[in-house]
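Visitor: Next one to model:
(2 chains)
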Protein chains: 2
Amino acid sequence: MAKKSEEGLTVKKSEDFSEWYSQVLDKAEITDLRYGVKGFVVIRPWGARILENMYQLFEKELQRKGHEPTFFPTVIPEENFKKEASHVEGFTPEVFWLEQKQGDEKLALRPTSETAMYQMYSLWIRSHRDLPLKIYQRGNVFRYETKATRPLIRGREFMWIEAHNCFETKEEAESQVQEDIEITETVMHQKFGVPFFPMKRPAWDRFAGAEYTVGSDCLMPDGKFIQQPSTHLLGQHFSKAFDVTFKDKNEETKYVWQTCYGPAPSRILASIISTHGDDAGLVLPFAISPIQVAIVPIFRKDNKDKVLKGIEKIKTTLENAGIKTQIDLRDKRPGEKYYEWELKGVPFRLDIGENEIKEKELTLFTRNTKKKSKILIKDLKTIKNLGIKYDKELLSVADKGIKGKTKDCKTIEEIEKTIEDKKIARVNFCSIEKEGNACAEIVEKKVKAFIRGTMANKDEKPTGNCPVCNKKATAVVYIGRSY
Amino acid sequence: MAKKSEEGLTVKKSEDFSEWYSQVLDKAEITDLRYGVKGFVVIRPWGARILENMYQLFEKELQRKGHEPTFFPTVIPEENFKKEASHVEGFTPEVFWLEQKQGDEKLALRPTSETAMYQMYSLWIRSHRDLPLKIYQRGNVFRYETKATRPLIRGREFMWIEAHNCFETKEEAESQVQEDIEITETVMHQKFGVPFFPMKRPAWDRFAGAEYTVGSDCLMPDGKFIQQPSTHLLGQHFSKAFDVTFKDKNEETKYVWQTCYGPAPSRILASIISTHGDDAGLVLPFAISPIQVAIVPIFRKDNKDKVLKGIEKIKTTLENAGIKTQIDLRDKRPGEKYYEWELKGVPFRLDIGENEIKEKELTLFTRNTKKKSKILIKDLKTIKNLGIKYDKELLSVADKGIKGKTKDCKTIEEIEKTIEDKKIARVNFCSIEKEGNACAEIVEKKVKAFIRGTMANKDEKPTGNCPVCNKKATAVVYIGRSY
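Guide: Next up, the predicted model:
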């Protein structure tokens, strides 16, 4: 299975990001694009193991915040879609339908599960004591994308987590939106090292059926935004459509307030790869790397047994410290192995021969800096801490990477130049409500970039006028190109 | 969300198993059957958490045996199905198709993934050094069942793991079949406490495209078999159809030998529920119970804070010992809470008031025996060992339960009586190859039971003649009714 990875990356990340990204997916054995159905890709073992770790960290955090797991059917009756008008309008073009019907009714593959889950919520929720209801599910969803698909970034099937919550009051629902931003911060930013702008989307860019939408915009190396987890204040649109009510403390019947939140591990992996990778390949955070320390044994025929015995002991020491370790026993030259573990982004590598074992001191290769250092066998357990430090370094480099990418702009010309420079324009804007759409369309047309929204977790005060209509600004918006 | 579970089970397991099973699924909040699409059920949080634990134990064991995870698309082009003749014939009636096509080609929802995976194997495998290839995926599959569906037992969507392996030789593939039986033994029998008969199926009951099939037959309380993980020696049928070849050590091109193995956690959960449950509800193995110790606090207004503070400490002690613990703080009477945790099958319960904390000795309720015992606070960590002992007890009771269920039968009349007694007939039989089918059909017609196969992991020597055709027996078969 190693045929491909024997060849190196043939482009530099800074010179041709798009080709670099494709080559990394292929050569680091994350995906295989030869499956033959548009928008459907195969996730290979290395990719699957990373994604599994990502799922676990997200699910753990969701559970820590009081969510419980469920599994809902993949199939949704058409009738359910129709219950919420803007939702059916927004999603219908993207729905895969089954050839088999139930009676006269068509069945959809879920593009998202509001309409599957909320009919059950209306059965489950009776009283204020049943609230808040915080539920998520892990599962794939399906969207009949008509735009060009890109592996992990835009597919017709993708790996998802969707959390759907119900509350007594709008205030509680709104604080859930903030909690969702915090979950993205804790997992995607702090653990995976991917910085993001939590953008409250303008009215014309809301989720079908939501009062408002917050998208986590991450920057790709080509200066374009990619939307990562989004969270929606659904308000009472769906609870009214699906009759999800509760009796409050005064025995009055009320509709619940709802939110939903959807991190897609497969898409987030695209950001992880793009943010940390370099010209030698992947650079994986210690927290999600399937192998945290790769050991390459160096031996001759006459000392093979001795070396391997010593290495087994080292592996046991590392594993007992909770460090995921693999000895590379494949029939290849050490140089090829070094090269492959770098390509696959493993944080640490130990190259161990007879001498190292005798001296009780090993050489530790660190993937991000490509530096070698010495580590005593008795100190091996400290690699756990080095791993934490490693992830902090990735985070700090990524954070620095997006600093200085945002530029305050006062005119269309300044916006245009900023976008051309692959940066983000920060602009005083007339409005992100409906009435701002005309100005947004002018910006889109002139600079081929989009109003991504306002900062959702802080209140940025506008100071000037809108650069398009010259009316007094009511919002500070961020403008950029996007995937 | 607790409305339902406030009512108890209204039937005894021994008197109306079918109704008991339905009530447990509903009242212990495993599933909700009101989703409204035939064969698709909602898995509620309690069920989802159990299933997640089951997945993890199965995946861990598969990985320990050298399997790597992958994620393949849910959608398979029709062309792929057509490549293996008996497979397309066996599965086509059960396939859900998408309304959207790719060009002229229909797209199926996977009923199983041979035809998705093996086209990629033919790209991945080049040399004997790429073998063995041992890969599995976790994912749902879809079958357009025309028979009656039953929750968790037979659905149109179910939760699955499928492992697909390739080897250089038939011998290696055959030992994989035995390894698969061992995995079922280690996880389903040893950890979940569900005993099984590994049955090598007769020729007329093989997987579409397999040389032979081994099904793990478990007994339900109504005396019927249910098939749990099956494993198939695919031989070279698929490798020839999908051109999966390798160059051996002599540079000769050969087709790989294949096996596949498919445990369905959702279906296995049906066996766990049925095997261990009692008239008070679920009895969950300690190894998979989402909560291993439920704590019910007993307090008055004037000592509430004191009691809760003491209980928090106890919880921390238990959690530090790796025991999943929950304090039940809901606004309900202790009696209701006792009842609910019993219904939900939690292995241990601690009922703790001020006195218990003062005396440093607690009362431990054990779910399977319903006995109470005393445990010192300082000994709480031993609950981990009690949990292991608990699971061994469940296993031993289950094993005893199927002992004496098998009866040697020499005549059709004996078989008939054994089946009527809800037992399994062990019979000398002419043949489990094609030529035995005529006799099998006579048995089916006369006693309404099926030849399940021969013991797959031991060689049982036949001694007499076939009770139907009176020819010399070549096999010892097991006959029973089934789901």
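Visitor: who does residue A:107 bridge with?
Guide: Taking DSSP bridges as the rule, residue A:107 bridges to residue A:77.
Visitor: pLDDT value on residue A:7, please?
Guide: We have a pLDDT of 68 for residue A:7.
Visitor: And for the one 3 residues further on?
Guide: pLDDT, residue A:10: 95.
Visitor: Any stretches of chain A with poor pLDDT?
Guide: Per-residue confidence for chain A (pLDDT under 70) gives these ranges: A:1-7.
Visitor: Touching, residue A:216 and residue A:230? I think so.
Guide: Yes. Look at residue A:216 against residue A:230 with Cβ atoms under 8 Å: they come within range, at 6.7 Å. In this view, the C-beta of every residue, glycine as well, is placed from N, C-alpha and C.
Visitor: who's more crowded, the two?
Guide: The residue with more neighbours, out of residue A:216 and residue A:230, is residue A:216; 27 against 23, by other Cβ atoms under 10 Å in any protein chain shown.
Visitor: Please export the C-alpha coordinates of stretch A:456-469 as CSV.
Guide: Provided in CSV are the C-alpha atoms of stretch A:456-469 (Å, rounded to 0.1, in the frame of the first residue of the first chain):
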residue,chain,number,x,y,z
ALA,A,456,-20.3,37.1,17.1
ASN,A,457,-18.6,37.0,20.5
LYS,A,458,-17.7,40.6,20.9
ASP,A,459,-19.4,43.8,20.3
GLU,A,460,-17.5,45.9,17.7
LYS,A,461,-18.7,49.4,17.5
PRO,A,462,-18.9,50.9,14.0
THR,A,463,-17.4,54.4,13.7
GLY,A,464,-17.8,55.7,10.1
ASN,A,465,-20.0,55.3,7.1
CYS,A,466,-20.7,52.5,4.7
PRO,A,467,-18.1,52.7,1.8
VAL,A,468,-20.8,51.8,-0.7
CYS,A,469,-23.9,53.8,0.2
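Visitor: Ends of stretch A:230-250, what's the gap?
Guide: 35 Å (Cα to Cα, to the nearest Å).
Visitor: so how far is chain B from the residue lying farthest from the centre of chain A?
Guide: What lies farthest from the middle of chain A is residue A:302; by Cα atoms, centre = their mean that is 48.7 Å. According to Cβ to the nearest Cβ, to the nearest Å, residue A:302 and chain B sit 24 Å apart.
Visitor: any idea whether that residue is helix, strand or coil?
Guide: With DSSP: H, G, I helix; E, B strand; the rest coil as the basis, residue A:302 sits in helix.
Visitor: Can you report how many residues neighbour the closest residue to residue A:330 other than its chain neighbours?
Guide: Nearest residue to residue A:330, sequence neighbours excluded (Cβ to Cβ, 6 or more residues apart in numbering or on different chains): residue A:337, at 7.1 Å. Neighbour count of residue A:337, defined by other Cβ under 10 Å: 20.
Visitor: three-state assignment of residue A:345?
Guide: coil.
Visitor: Distance of it relative to chain B?
Guide: Residue A:345 is 17 Å from chain B, by Cβ to the nearest Cβ.
Visitor: The nearest residue to that residue once chain neighbours are set aside: what's it in contact with?
Guide: Take residue A:345 and drop its neighbours on the chain: the residue closest to it by Cβ to Cβ, 6+ apart is residue A:282, 2.9 Å away. Residue A:282 makes contacts with A:24, A:28, A:30, A:273, A:276, A:343-345, as judged by Cβ atoms under 8 Å, 6 or more residues apart in numbering or on different chains.
Visitor: Can you name the helix or strand that the closest residue to chain B within the stretch 351-483 of chain A falls in?
Guide: Proximity of the stretch 351-483 of chain A to chain B (Cβ to the nearest Cβ) peaks at residue A:384, 18.7 Å away. Taking DSSP states H and E as the definition, residue A:384 sits inside helix A:383-402.
Visitor: Please apply the same query to residue A:355.
Guide: helix A:354-359.
Visitor: Pretty sure residue A:48 sits against residue B:70.
Guide: Yes. Residue A:48 lies in contact with residue B:70 (Cβ under 8 Å); the separation is 4.9 Å.
Visitor: thinking again about what came up before, for the residue of the stretch 351-483 of chain A closest to chain B, which residues are in contact?
Guide: Contacts here follow Cβ under 8 Å, 6+ apart; on that basis residue A:384 touches A:321-323.
Visitor: coming back round to it: can you check what angle separates the next helix-or-strand element following the helix holding residue A:355 from helix A:383-402?
Guide: Using DSSP H and E, the helix or strand that directly follows helix A:354-359 along the chain is strand A:361-366. Following axes from the mean of the first three to the mean of the last three Cα atoms, to 10 degrees, one obtains 30 degrees for the angle between strand A:361-366 and helix A:383-402.
Visitor: related to what we said a few turns ago, could you write out the alpha-carbon coordinates of the helix holding residue A:355 in CSV?
Guide: Provided in CSV are the C-alpha atoms of helix A:354-359 (Å, rounded to 0.1, in the frame of the first residue of the first chain):
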residue,chain,number,x,y,z
GLU,A,354,22.7,-0.3,19.4
ASN,A,355,24.7,2.7,20.5
GLU,A,356,21.7,4.7,21.6
ILE,A,357,20.4,1.8,23.7
LYS,A,358,23.9,1.3,25.3
GLU,A,359,24.3,5.0,26.0
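Visitor: Give the buried residues for that helix.
Guide: A:354, A:356-357 (16 or more other Cβ atoms under 10 Å in any protein chain shown).
Visitor: can you give me how far it is from the chain middle?
Guide: 42 Å (Cα atoms, centre = their mean, to the nearest Å).
Visitor: what's in contact with it?
Guide: By Cβ under 8 Å, 6+ apart, the list of residues contacting helix A:354-359 reads A:299, A:303, A:306-307, A:310-311, A:362-363, A:377.
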